[in-house]
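*Asks:* need coordinates for the following:
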Amino acid sequence: MKHRLTYFREHAGLDDDEIRDIDNGKVVAKIVDTGEKAEVIVLGTVYIRAPMESFVDWFQDLDRFAKTDSYLAFGRFSDPPQPSDVADLTLDENDIKALPKCKQGDCDVQLPTASMEEFNRKVDWSSPDAADQVNGLLHEGALELITRY
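*Replies:* Okay, the predicted model is just below:
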């Protein structure tokens, strides 16, 4: 318990009331300061009253876990990652429409500045296949990130 309390206080910035809420079964969510303007981390935590082994067994059953209402999509990456691993990854129509207007500190889509600039440099927004261009770049970027990971 001491390790958990230390982590919550020192790394997540939770106070005693928030830690007490977790211990009392309440869900606590907090935005964690990353020190980077372009990054946002949201910590969500809840205490699960179950033996650790039961939770780990449930969590590692990926096929069952993927069928829960908590996930819109779920998949596995090949080793090494393949383009087919990200083929179903797409931005929705509203996000695609927002991208051409994105500027550092002012974007409806959460993206690093370099990604905003890349979309604006490489996508022909007047083209009928602009959405396909966006999703192609999304696939390339996701695959690159996964490969580096």
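*Asks:* centroid-nearest residue for this protein?
*Replies:* Here the mean C-alpha position of the chain is nearest to the C-alpha of residue 41 (Cα atoms, centre = their mean), at a distance of 8.9 Å.
*Asks:* residues contacting the closest residue in space to it that isn't next to it in sequence?
*Replies:* Once its chain neighbours are removed from consideration, residue 41 has its nearest residue in residue 32; the separation is 4.4 Å (Cβ to Cβ, 6 or more residues apart in numbering). Every C-beta, even on glycine, is put in place using the N, C-alpha and C of the backbone. With contacts defined as Cβ atoms under 8 Å, 6 or more residues apart in numbering, the neighbours of residue 32 are 11-13, 41-43.
*Asks:* now with 10 Å, please.
*Replies:* Applying Cβ atoms under 10 Å, 6 or more residues apart in numbering, we find residue 32 in contact with 11-14, 39-43.
*Asks:* tell me where the chain has helices.
*Replies:* Counting by DSSP state H, one finds helices in the chain at the ranges 2-10, 16-23, 52-60, 62-66, 93-98, 113-122, 130-148.
*Asks:* who wins for proximity to residue 82 among these?
*Replies:* For the helices of the chain, the distance to residue 82 is smallest for helix 130-148, at 8.0 Å, taking Cβ to Cβ.
*Asks:* where does the prediction get shaky in the protein?
*Replies:* Scanning the chain for pLDDT under 70 picks out the ranges 1-5, 37-39, 72-73.
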